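Peer 1: Compute the structure for the input listed below.
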Amino acid sequence: MATVRERQPGVWEIRVFTGSDDSGRPTQVSRTVRGTKRDALRAAAEMTLKPSRAAGRTVSDLVGEWLAINGATWAPATARDQISRVKMINADPIASVAVARLSPADVERWHKRMRKAGVGEGSVRNRHIVLRAALSQGVRWGWLATNPARAARLTQRKRAPRQAMSIEDVQAVVLAAGKVDAGAALALRLAAVTGARRSELAALRWDDLAGSRLRIDSSVAVLRHGTHAAPAEPELVDDITKTANHRTVTVDEVTVEIWHTYRTSFAEAGEWVFGRFEPANPDRISWWWQRARALSGISSTWRLHDLRHWSATYAIGGGHDVRTVAGRLGHANAAMTLRVYAHVLEQTDQKLAAALARTLDGTGAVPLASTT
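Peer 2: Below you'll find the predicted structure:
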C-alpha cells in the first residue's frame with residue numbers, strides 16, 4: 001500500500017508500507033518525486049510492484065548481508081550455527097532466486113526439498129528462521145515489499161512436552177556426583193538450584209557469590225579449530241550468556257556452605273570455580289554428569305539440561321510466579337518461559353480452579369482474611 005502527499009507545489013512524498021518487522025511494527029520506504037501528481041502516482045505504483053533497491057539482488061545476497069550486519073553481535077556458538085545455516089541456504093537453488101520475485105511457494109518448495117534430502121524438522125525450522133530474519137531485514141531496507149517466509153506454511157512438529165525428572169532422581173544424581181568429584185557435586189547442585197546452563201556454570205568465578213546471592217553474567221564458549229581428521233586444542237572464551245543478559249539469583253544455605261567448603265579444599269583456589277586458573281571446559285561438567293548419572297542408576301535418557309528443566313518445572317508447579325522463574329533461568333522475557341512451560345502452567349491452573357471452587361463452596365478451604 002502506498003500513500004502520496006504533496007509537501008509543496010510540485011514536490012511529492014511517497015510512502016510504501018512494506019509489512020512489519022519481527023516485532024510486529026509496521027515498516028515503510030519513502031521517496032521524494034518532483035513533477036505532477038500523475039508522476040508521483042506512477043512512481044508509487046513502481047515502488048509498490050517492484051522495489052528498486054532489490055534490483056539484481058538474490059536470496060544469497062540478502063542472507064550474506066544479514067550475516068555481515070548481525071554476526072558481530074552474536075556469541076561465538078551462535079555465530080557458528082548461523083553461518084552454517086546460511087551455507088545450507090546458499091547450497092540450495094533458492095539462493096539464486098531474485099529477492100523481489102521470491103514467493104511463499106518458493107519457500108515451501110525449499111522446505112520440501114530439504115525434507116526429501118533427509119533434513120530433520122528441527123533443522124528445517126532453524127534454516128527457515130534464518131531466512132525469515134534475513135527477509136525481514138530486506139523489507140526494512142526496501143528490497144522487497146513483504147516477507148514471503150512469514151506467509152509460507154511451516155509444518156508444526158507434534159512433540160509431547162518433555163517429562164521432568166523426579167525429586168528422587170535429582171537427589172540421587174547429585175548425591176552420586178560427590179563420588180565423582182567434589183566439583184561435580186557443587187556443579188550439579190547449582191544446576192538444579194539455579195537452573196544455570198552448563199556453559200554458565202563453567203564460567204563461574206569465586207567472587208560471583210556474595211552472601212547468598214550468585215551472579216551469573218557470562219558463559220564459556222568453545223571455539224573448535226582444525227579439522228575432523230586433524231583436530232586442534234579447543235579455545236575457551238569467556239563470553240556473554242546465551243540471551244546476552246546477566247542475572248543474580250538467591251541460593252540456599254546448604255549450597256553456600258558446599259561452595260565455601262569446596263573453595264577451602266584448594267591451597268590456591270585461583271579465579272575460576274571449576275577451572276581454577278582458567279575457565280572450565282563445559283565438556284568437563286557434561287562428563288561429571290554422565291559419570292554421576294551412571295553411578296546413581298537413574299535413566300540414561302536424562303540429560304544435564306534436565307536439571308535446569310526440573311528447576312523450572314518444580315518452581316512453576318509449586319505456584320511461584322513465572323516472572324521470577326524466568327529471571328532465575330535467564331530467559332529473555334517471561335513470554336519464553338510461558339511457551340516452554342505451558343504444560344506445567346495448565347496443571348497449576350487446574351489446581352487453582354479446584355482451590356477456588358473449594359473456597360467458593362465452603363468445602364474445607366481456609367476463609368480469606370477480611371479487609372473491612
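
Peer 1: Could you pull up the contacting residues of Leu175?
Peer 2: For Leu175, the contacting residues are Ser296, by C-beta atoms under 8 Å, 6 or more residues apart in numbering. C-beta coordinates here come from the backbone N, C-alpha and C atoms, glycine included.

Peer 1: How about the secondary structure of it?
Peer 2: Classification of Leu175 by DSSP: H, G, I helix; E, B strand; the rest coil places it in helix.

Peer 1: tell me the contacts of Ala269?
Peer 2: So Ala269 contacts Trp206, Arg263, Arg276 (C-beta under 8 Å, 6+ apart).

Peer 1: Just the closest of these to Ala77, please.
Peer 2: Relative to Ala77, the closest of those is Arg276; by C-beta to C-beta it sits at 23.4 Å.

Peer 1: what's the spacing between the nearest residue to the closest one once chain neighbours are set aside and Val11?
Peer 2: Excluding its sequence neighbours, the residue lying closest to Arg276 (C-beta to C-beta, 6 or more residues apart in numbering) is Gly270, at 3.7 Å. Gly270 sits 69 Å away from Val11, going by C-beta to C-beta, to the nearest Å.

Peer 1: now Pro104
Peer 2: Separation of Pro104 from Val11 (C-beta to C-beta) stands at 37 Å.

Peer 1: With Ala151 instead?
Peer 2: Going from Ala151 to Val11 by C-beta to C-beta gives 36 Å.

Peer 1: ditto for Thr241
Peer 2: As for Thr241, its distance to Val11 is 50 Å (criterion: C-beta to C-beta).

Peer 1: What of Gly178?
Peer 2: Here Gly178 is placed at a distance of 78 Å from Val11 (C-beta to C-beta).

Peer 1: Of the two, which one has the most company?
Peer 2: Neighbour totals were compared for Gly178 and Val11, and Gly178 leads with 16 against 13 (other C-beta atoms under 10 Å).

Peer 1: Check the more buried one and give its pLDDT.
Peer 2: For Gly178, the model assigns a pLDDT of 95.

Peer 1: got the contact list for the closest residue to it other than its chain neighbours?
Peer 2: Leaving aside its sequence neighbours, Gly178 sits nearest to Ala185 (C-beta to C-beta, 6+ apart; 4.0 Å). By C-beta under 8 Å, 6+ apart, the residues touching Ala185 are Val174, Ala177, Gly178, Ile258.

Peer 1: likewise Thr241?
Peer 2: Contacts for Thr241 (C-beta under 8 Å, 6+ apart) come out as Arg197, Ser199, Glu200, Ile216, Asp217, Ser218, Ser219, Gly330.

Peer 1: By neighbours, which of the residues you listed wins?
Peer 2: Going by other C-beta under 10 Å, Ser219 tops the contacts of Thr241 with 25 neighbours.

Peer 1: got any ranges where the stretch 251-372 of the chain has weak pLDDT?
Peer 2: Applying pLDDT under 70 to the stretch 251-372 of the chain flags residues 364-372.

Peer 1: Can you show me the helices along it?
Peer 2: 253-264, 282-296, 305-317, 322-329, 334-340, 342-361 (DSSP state H, counting those that start in this stretch).
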